[in-house]
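Peer 1: Okay, predicted coordinates and the sequence, questions at the end:
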Amino acid sequence: TSILSTASIQGIIALGLMMELTTGNFDLSIGATAGFSAAVLGAIMANASPNWYIPAVFIALAAAVLVGLLNAFITVRIGVPAFVGTMAIRSLLSGAISFTIFYSNNWGETYKLLGQGKIRNVIPYCCLIFLVICVACYIFLEHTKTGRYIYATGANRSAAKNVGIPVVR
């Protein structure tokens, strides 16, 4: 179960990176983004009651989404190459993680729930989350118009633009 838990967390991160790789880009800050959102969750849960767990998870996810939007703004709107822009964000996030960990001395037991919690003491929560995200990614990429646009953009950006696909979006 320990190996499944670790592989599931890495798999969730890999699925997120797969979406970007499919468009023909790369994100060097994905690991730091995951660490940053975990640090945000830990910082919130250090001083909160267990009732705050679900809102704290959504706040941590929102922090990761904001980092992704910042990466998108830097690479798409400003035009900085993804390799350079995401490397800069990775450095900033590493500092933010160090700051958060340094000032949080009590992470609390509830913080460990998603990473170490199990259903009936057998199946890790993160394995189920990974499976749900796998199915959602499959449905999104294979059965939606946006998913087909993502494939087309990654395969040939110029051709996708010529047929009217909003490549920048």
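Peer 2: Thanks, I have the structure now.
Peer 1: my guess is Ala160 is in a strand, correct?
Peer 2: No - counting by DSSP: H, G, I helix; E, B strand; the rest coil, Ala160 is not found in a strand; it is helix.
Peer 1: Quick one: distance of the helix or strand of the chain with the lowest mean pLDDT to the chain centre.
Peer 2: Lowest by mean pLDDT, DSSP states H and E among the helices and strands of the chain is helix 113-116, with a mean of 73. Centroid separation for helix 113-116 versus its chain: 16 Å, with C-alpha atoms, centre = their mean, to the nearest Å.
Peer 1: Which strands and helices lie in contact with that helix?
Peer 2: Applying 3 or more C-beta pairs under 8 Å, 6 or more residues apart in numbering; DSSP states H and E, we find helix 113-116 packed against helix 2-22, helix 125-143. Any C-beta I mention is one placed from the backbone N, CA and C, and that applies to glycine too.
Peer 1: redo that, cut-off 7 Å
Peer 2: Contact here means 3 or more C-beta pairs under 7 Å, 6 or more residues apart in numbering; DSSP states H and E; on that basis helix 113-116 packs against helix 125-143.
Peer 1: C-terminal to the helix it packs on, what's the next element?
Peer 2: Downstream of helix 125-143, the next assigned helix or strand under DSSP states H and E is helix 145-155.
Peer 1: Ala32 is in contact with Arg90, isn't it?
Peer 2: Yes - using C-beta atoms under 7 Å, Ala32 is in contact with Arg90, at 4.4 Å.
Peer 1: Could you check the pLDDT of Glu142?
Peer 2: On the pLDDT scale, Glu142 is placed at 93.
Peer 1: tally of neighbours for it?
Peer 2: By other C-beta atoms under 10 Å, 10 other residues sit near Glu142.
Peer 1: Check Gly11 too.
Peer 2: Neighbour count for Gly11, taken as other C-beta under 10 Å: 19.
Peer 1: Read off the pLDDT value for it.
Peer 2: For Gly11, the model assigns a pLDDT of 93.
Peer 1: Return the residues in contact with it.
Peer 2: Taking C-beta atoms under 7 Å, 6 or more residues apart in numbering as the criterion, Gly11 is in contact with Phe130.
Peer 1: any idea how far Cys126 is from Ile97?
Peer 2: Going from Ile97 to Cys126 by C-beta to C-beta, to the nearest Å gives 20 Å.
Peer 1: who has more neighbours, those two?
Peer 2: Cys126 (22 against 18).
Peer 1: I'd say the more buried one and Leu4 touch.
Peer 2: No - assessed by C-beta under 7 Å, Cys126 is found out of contact with Leu4, at 8.1 Å.
Peer 1: Pass me the low-pLDDT residue ranges in this structure, would you?
Peer 2: Scanning the chain for pLDDT under 70 picks out the ranges 100-111.
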